[in-house]
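Colleague: Just a sequence and a predicted model for now, questions to come.
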Amino acid sequence: SSCSQSQFGQCLSLGSCTQLQWVPLQLGACRICIQAACHSLRRGLADADSGIGARGWGRRGSPSGRWMLQVTQPLQIEAQKASLESAAEVAPWAGEPNWSVPDTDLALFCPEGRWASAGGCDGFIFVWPVDHPGAAPPCVRCCVAHFDVCTDHVVDWERMKCLSVGGDFNLAVLDLMGGVVRSRIKSDAGPDCSLLCVDGDLSAGKAAVGAGAQAKIVDIETKTWLMTLQGHQDDVHGIRSDWDTNQVVTSSWDRLLKLWDLRSGRCVRSLEGHNQVCTKLDVDFSLQLALSCSDEDRLILWDLKQGGAIKTYDGGLAKANDASVDWKTMTAAVCGPGGEVQLWDLETGEITSTITTGAATTGASGQSVDVDWERRQLLLGSWDSQVLLFDLDSGECVKKLRKPRRTLTRVHLKKCDPCPFSM
């Protein structure tokens, strides 16, 4: 049954410092509380034992020395049995008033106009009309994508479909028009390899997924895992793919970026330069450029063709969680802890402006950022469940997109089409 985060301690019986013991729970909001407990426990483990630093989900250990939280076998079996083998398309909590969408708001959804999406630790994908005249546009889609954390998603706005991955070891294909999951593709990477990031092209019918320390290629139509790209020594948290050039770029907690050739499955570039774990990245395959983020005050601009760093940017945020780059003007928006978003001129290496978000008052970390550079608007998803739209020039918050109740993992903006609300 559902419960608040303040009660999650009552839902868990903690055994040794390296295991969580399973107690009977119905599939519901308590699953999210388990994730909250894991995040709290990993911090305690790091403090309690200098040789242990817990991070992530479902792996026993990592070559970089981080202990990965390991749940007991009964928990894995029961969780997968309930979430992966269940025929139900709707999670038990989806009918609650806080999660349901009124019919009047459902009717606002249409293919035209600009839209924003967000996915998070509740397993949902949310969609809002950015051009709605109100300061708090209604949520028009609230889709159950996963029965665990939704770790990443990507949207094909032309087809109004979404690919997402989550802690339930599934890649989900969502029809945003209908507001339903059309298919789920179970990972073949094993129970120790959570799906952590995704990029894909529905016109090509393929997706690239970070699964533990591997990158995997999947055929969406046939639900077949086609290729495994092996070479990283720790979890892959950032991935970008291009099916015209047959290339994939990955960033990993092993502090490396890798460029892969999909025709051969070989790693053709291994890029080293970060001192801490690499998180997200942005890539322009036509220019063969990539900008990487890491858990340090350093961004690196990479030349994928030559295989080296073009420029290193130090002295920014304490760590960079995500970046969105305008490759025409070589400008990057970077989010991180403290509720700030910095705009970098990648040619001069200067921070041109800083946007202080509403999350700054609570110190909540900005987890994901996306920018409409032509309309000069920035979308931010944060640790404290906020999805905010900012004017890029004034730094003013112009929209607050309400609905999520958990930490956001990824946000996206649709960046074209006229406003349907002005027609």
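Modeller: Yep, that arrived.

Colleague: C-alpha only now, for contacts and for neighbours.
Modeller: OK.

Colleague: if I look at the closest residue to V283 other than its chain neighbours, how far off is G366?
Modeller: The spatially closest residue to V283, leaving aside those adjacent along the chain, is A290, at 4.3 Å (Cα to Cα, 6 or more residues apart in numbering). For A290, the distance to G366 under the criterion Cα to Cα, to the nearest Å works out to 21 Å.

Colleague: Which one's more surrounded, those two?
Modeller: Here A290 and G366 are compared on neighbour count by other Cα atoms under 10 Å; more neighbours surround G366, at 31 against 22.

Colleague: helix or strand right after the helix or strand harbouring the residue nearest to V283?
Modeller: Following DSSP states H and E, the helix or strand that holds A290 is strand 289-294. Remark: after strand 289-294, the chain's next helix or strand is strand 298-303, criterion DSSP H and E.

Colleague: Tell me the helices and strands packed up against that next one.
Modeller: Judged by 3 or more Cα pairs under 8 Å, 6 or more residues apart in numbering; DSSP states H and E, strand 298-303 is in contact with strand 289-294, strand 308-314.

Colleague: Strand 308-314 and that strand, what's the angle between them?
Modeller: Taking axes from the mean of the first three to the mean of the last three Cα atoms, to 10 degrees, strand 298-303 and strand 308-314 form an angle of 160 degrees between their directions.

Colleague: If I take strand 298-303 and strand 289-294, what angle do their directions form?
Modeller: Going by the same axes, to 10 degrees, strand 298-303 makes 160 degrees with strand 289-294.

Colleague: contacting residues around strand 298-303?
Modeller: The contact list for strand 298-303, computed with Cα atoms under 8 Å, 6 or more residues apart in numbering, reads 273-274, 288-293, 308-316, 319-320.

Colleague: Output the below-cut-off pLDDT ranges for the chain.
Modeller: Low-confidence segments of the chain, defined by pLDDT under 70: 1-99, 358-363, 416-423.

Colleague: go with 90
Modeller: Across the chain, the stretches falling below the confidence threshold (pLDDT under 90) are 1-113, 122, 147-148, 189-194, 315-318, 337-340, 356-365, 383-385, 402-407, 415-423.

Colleague: D105 falls within a helix, correct?
Modeller: Yes. D105 forms part of a helix when assessed by DSSP: H, G, I helix; E, B strand; the rest coil.

Colleague: start the count at 17, not 1, going forward
Modeller: Yep, numbering from 17; the last one is D121 now.

Colleague: Could I get the CA-only coordinates of the strand or helix carrying A188 as PDB?
Modeller: Here A188 sits within strand 186-191, counting by DSSP H and E. Only the C-alpha atoms of strand 186-191 are listed here, as PDB (Å, rounded to 0.1, in the frame of the first residue of the first chain):
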ATOM      1  CA  ASN A 186      12.400  -2.900 -19.100                       C
ATOM      2  CA  LEU A 187      12.500  -0.700 -22.100                       C
ATOM      3  CA  ALA A 188       9.000   0.700 -22.600                       C
ATOM      4  CA  VAL A 189       7.400   2.100 -25.800                       C
ATOM      5  CA  LEU A 190       4.700   4.600 -24.900                       C
ATOM      6  CA  ASP A 191       2.000   6.000 -27.200                       C
END
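
Colleague: Please name the residues that touch the residue lying closest to V171 once chain neighbours are set aside.
Modeller: Spatially, and ignoring its direct neighbours in sequence, V171 is nearest to C178 (4.4 Å; Cα to Cα, 6+ apart). Residues touching C178, when contacts are defined by Cα under 8 Å, 6+ apart, comprise H169, V170, V171, D172, A188, V189, L190, D191, L192.

Colleague: switch to 10 Å and redo it
Modeller: By Cα atoms under 10 Å, 6 or more residues apart in numbering, the contact set of C178 is 133, 141, 161, 169-172, 188-192, 197, 216, 218.

Colleague: Would you mind checking the residues you listed for buried ones?
Modeller: By the neighbour-count criterion of 16 or more other Cα atoms under 10 Å, those include these buried positions: 133, 141, 161, 169-171, 188-192, 197, 216, 218.

Colleague: partners of the helix or strand containing D215 in the sheet?
Modeller: Taking DSSP H and E as the definition, one finds D215 inside strand 211-217. Based on DSSP bridges, the pairing partners of strand 211-217 within the sheet are strand 222-227 (antiparallel).

Colleague: what pairs with the helix or strand that the strand it pairs with is followed by, and is each one parallel or antiparallel?
Modeller: The C-terminal neighbour of strand 222-227 among helices and strands, as given by DSSP H and E, is strand 230-235. Strands adjacent to strand 230-235 in the sheet, as given by DSSP bridges, are strand 222-227 (antiparallel), strand 240-245 (antiparallel).

Colleague: Let me know which of these is the nearest to H428.
Modeller: Ranking the strands paired with strand 230-235 by their distance to H428 (criterion: Cα to Cα) puts strand 222-227 first, at 17.2 Å.

Colleague: follow-up on the earlier one: got the contact list for the residue nearest to V299?
Modeller: Applying Cα under 10 Å, 6+ apart, one finds that A306 lies in contact with 256, 265, 273, 297-300, 316-320, 325-326, 341, 343.

Colleague: Now restrict those to buried residues only.
Modeller: Among those, those that count as buried by neighbour count (16+ other Cα under 10 Å) are 256, 265, 273, 297-300, 316-320, 325, 341.

Colleague: List just the nearest of those to T425.
Modeller: Taking Cα to Cα as the measure, L297 is the one of the buried ones among the contacts of A306 closest to T425, at 14.1 Å.

Colleague: The helix or strand containing that closest one - contacts with which helices or strands?
Modeller: With secondary structure defined by DSSP H and E, L297 is part of strand 294-300. Other helices and strands packing on strand 294-300, by 3 or more Cα pairs under 10 Å, 6 or more residues apart in numbering; DSSP states H and E, are strand 252-258, strand 263-268, strand 272-277, strand 305-310, strand 314-319, strand 338-342.

Colleague: can you list those strands in JSON lines and add distance to L395?
Modeller: What follows is those, written out as JSON lines (distance: least, Cα to Cα, whole Å):
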{"stretch": "strand 252-258", "distance to L395": "19"}
{"stretch": "strand 263-268", "distance to L395": "23"}
{"stretch": "strand 272-277", "distance to L395": "26"}
{"stretch": "strand 305-310", "distance to L395": "18"}
{"stretch": "strand 314-319", "distance to L395": "20"}
{"stretch": "strand 338-342", "distance to L395": "10"}
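
Colleague: Tell me how many other residues crowd D217.
Modeller: Counted with other Cα under 10 Å, residues neighbouring D217 total 17.

Colleague: That one - nearest residue in space that isn't next to it in sequence?
Modeller: In space, D217 comes closest to A223 once its chain neighbours are excluded; the distance is 6.2 Å by Cα to Cα, 6+ apart.
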